[in-house]
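J.: Here's my sequence, what's the structure:
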Amino acid sequence: MPVDTELHARIREHLRGTDGIGETRITGGAGFTLHGNLLCGVMGDELLVRIGKADFDRVMSEGTAHPMTMAGKSSRSWLLVPKDVVAEPAELTRWIERAKAFVATLPAK
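T.: Next up, the predicted model:
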């Protein structure tokens with residue numbers, strides 16, 4: 001599935017000027033790294049975000065995201081957020097900042 005270029009551009013714009021940001025290709029999409037750790041990206045037309053496993057149940061209870069599934073396995077640290085959920089700039093910001101808060105706790109690569 002092709003990557004949603006509009007969502008990709010919105011993420012890039014949001015992250016512009018943030019120290020330590022890079023872009024990379026990921027399986028099934030396009031990703032952004034923070035100090036070498038995958039932070040977020042686009043898979044198809046959904047926002048991919050990284051969260052801490054300890055936050056999974058709380059975040060899932062919001063009812064807006066779903067776990068990323070690869071090779072039949074669901075992740076507890078990677079979520080997909082539908083494009084319509086992040087259509088508003090404030091929601092895109094909220095999800096990306098949530099991912100940044102977690103990834104900032106990881107050692108740089």
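J.: If you count contacts, what does the strand ranked longest in the chain end up packed against?
T.: Across the chain, the longest stretch assigned as strand under DSSP state E is strand 73-82. Strand 73-82 is packed against strand 46-50, helix 56-60, strand 66-70, with contacts defined by 3 or more CB pairs under 8 Å, 6 or more residues apart in numbering; DSSP states H and E. Heads up, the C-betas are built off the backbone N, CA and C, glycines and all.
J.: Quick one, which of the ones you listed gets closest to R94.
T.: Closest to R94 of the helices and strands packed on strand 73-82, according to CB to CB: strand 46-50, at 10.0 Å.
J.: Adjacent strands (with direction) for the closest one?
T.: According to DSSP bridges, strand 46-50 forms sheet pairs with strand 37-43 (antiparallel), strand 73-82 (antiparallel).
J.: who are the neighbours in contact with I51?
T.: The contact partners of I51, by CB atoms under 8 Å, 6 or more residues apart in numbering, come to V59, S77, W78, L79, R98, A99, F102.
J.: Out of those, which comes closest to R10?
T.: A99 (14.4 Å).
J.: What lies in contact with the helix or strand containing W95?
T.: Assigned by DSSP states H and E, W95 belongs to helix 89-103. Residues from elsewhere that reach helix 89-103 (CB under 8 Å, 6+ apart): 10-11, 14-15, 18, 34-35, 37-40, 47, 49-52, 55, 59, 65, 81, 85-86.
J.: Quick check: PyMOL command selecting the buried ones in these.
T.: Here is the PyMOL command that selects the buried residues among the contacts of helix 89-103 (16 or more other CB atoms under 10 Å):
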select buried, resi 10+11+14+15+34+37+38+39+40+47+49+50+51+52+59+65+81+85+86
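J.: Any stretches of this protein with poor pLDDT?
T.: Applying pLDDT under 70 to the chain flags no residue at all.
J.: so how far is V81 from the residue most central in space within it?
T.: Centroid check for the chain by CA atoms, centre = their mean gives V49 as the closest residue, at 2.1 Å. V49 is 6 Å from V81, where distance means CB to CB, to the nearest Å.
J.: what residues do those two have in common as contacts?
T.: With CB under 8 Å, 6+ apart, V49 and V81 have common neighbours A65, W95.
J.: how far away is the residue located most distally from the centre of the chain from A90?
T.: Centroid-distance maximum for the chain: G72 at 19.7 Å, with CA atoms, centre = their mean. Spatial separation of G72 from A90 under the definition CB to CB is 34 Å.
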